[in-house]
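Novice: Turn this into a model:
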Amino acid sequence: MNPIIRNILAVIAGGVVGSVVNMGIIMISGSVIPPPEGADVTTMEGLQASLHLFEPRHFLMPFLAHALGTFAGAFLAALIAANHKMLFALVIGLFFLAGGIGNVFMLSSPVWFTVVDLVGAYFPMAWIAGKLVAKK
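Specialist: All right, here's what the predicted structure looks like:
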């Protein structure tokens, strides 16, 4: 297969799989750690209005969704990429970081979570995924 086409497919597949993992974790998060009493987490407006009710434990699943989604997407992109595997893993990390930054503007989460999420969930996970694939 042409390396350019393979690299384009790596980015697309990484983005799609990472997004599916992210949303899958978000979808099950309410059954793992129930939302606070009275919180409407079914809409962005309801989530924004009830965010003040959230305790630190309620932020664990969103962090895991961002981190594991980024990891899965970056790992797959690095596996598929014809060359520059670390670069393609980091491209997926950048893609998800952009989504995380957008999320910060849509939902005003606590500053501590914003910092932990933006610093710890995206580039570190993409870098780890790229390193794991590069060892093979």
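Novice: Please count neighbours and contacts with C-alpha atoms only from this point.
Specialist: OK.
Novice: Spit out the contact partners of Asp117.
Specialist: Asp117 is in contact with 63, 66, 100, counting by Cα atoms under 8 Å, 6 or more residues apart in numbering.
Novice: looking at those residues, which has the most residues close by?
Specialist: Neighbour counts for the contacts of Asp117 peak at His66, which has 27 neighbours (criterion: other Cα atoms under 10 Å).
Novice: thinking that residue is in contact with Gly24, fair?
Specialist: No. Assessed by Cα atoms under 8 Å, His66 is found out of contact with Gly24, at 10.8 Å.
Novice: ok, so of the contacts of Asp117, who is nearest Phe113?
Specialist: Phe63 (8.4 Å; Cα to Cα).
Novice: Asn2 versus that closest one, what's the distance?
Specialist: Per Cα to Cα, to the nearest Å, Phe63 is found 36 Å from Asn2.
Novice: Could you do Lys85 as well?
Specialist: From Lys85 to Asn2 the distance is 16 Å (Cα to Cα).
Novice: And stretch 27-46, end to end?
Specialist: So stretch 27-46: terminal residues 16 Å apart, Cα to Cα.
Novice: Name the residues of it that are buried.
Specialist: Using 16 or more other Cα atoms under 10 Å as the burial criterion, the residues of stretch 27-46 that qualify are 29, 35-36, 39-41.
Novice: Check stretch 75-87 too.
Specialist: Judged by neighbour count (16+ other Cα under 10 Å), stretch 75-87 contains these buried residues: 75-82, 85-87.
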